[in-house]
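Q: Sequence first, then the predicted structure:
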Amino acid sequence: MREYLKAGKAGMPHERTESAFVQAFICAKWPTHYIGLDSLFGKTRSLFITDYDSLEAWEKDSLAVQKNTALFAALDHASVADGELLESTDQSAFVLNDEFSLRPAVEMPHTRYFEIDHEAWHANSSRPP
């Protein structure tokens, strides 16, 4: 999930609304975790990455969230508040291919900086993003 923020809405205002998502998952004792990243330059945006072992695991997690009425309601409420700060959002799904990866064994939670070049990926890909 990528969120483009309205001018002046980054920093603490966005951190407050995003913390509602975190609290909802903590209260539900949800086993799935995600990592949040903020851009250092360019358009103000945040990127949220969730890792799944398979597409089936992603689907199972999504369906379980929908079935958990308390969690689903809390996430819906958080989405409304967060949406007030957003210019737009989009989503992409990426599949790791170790054969094409420079360092496939990277431990994401211990990584401090990422270089993500979505435009270069799209230009060199035979498939749409």
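A: Right, received. Where do you want to start? Quantities reported herein were computed from a predicted structural model and do not represent experimental measurements. Numbers count the residues shown, from 1 in each chain.
Q: Need the three-state assignment for the residue nearest the centre of the chain.
A: The residue lying closest to the centre of the chain (C-alpha atoms, centre = their mean) is F48, at 1.8 Å. Classification of F48 by DSSP: H, G, I helix; E, B strand; the rest coil places it in strand.
Q: pretty sure it is touching D38, no?
A: No - look at F48 against D38 with C-beta atoms under 8 Å: they stay out of range, at 10.4 Å. Placement of C-beta: from N, CA and C, glycine included.
Q: And the strands in this protein?
A: Along the chain, the segments classed as strands by DSSP state E run 2-5, 34-38, 45-50, 86-90.
Q: Look up how far D61 lies from D51.
A: Using C-beta to C-beta, to the nearest Å, D51 is found at 11 Å from D61.
Q: Check L47 too.
A: 19 Å.
Q: Give me the below-cutoff pLDDT ranges for this structure.
A: Scanning the chain for pLDDT under 70 picks out 108, 114-129.
Q: ranges for the helices of it?
A: 12-27, 55-67, 69-83, 118-123 (DSSP state H).
Q: Switch the ones you listed over to JSON lines, and while doing so, append mean neighbour count to every line.
A: Shown next, in JSON lines, are these (neighbours: other C-beta atoms under 10 Å):
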{"stretch": "helix 12-27", "mean neighbour count": "15"}
{"stretch": "helix 55-67", "mean neighbour count": "12"}
{"stretch": "helix 69-83", "mean neighbour count": "14"}
{"stretch": "helix 118-123", "mean neighbour count": "10"}
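Q: Looking at these, which is nearest to L102?
A: helix 118-123 (13.5 Å; C-beta to C-beta).
Q: I appreciate the help and will end here.
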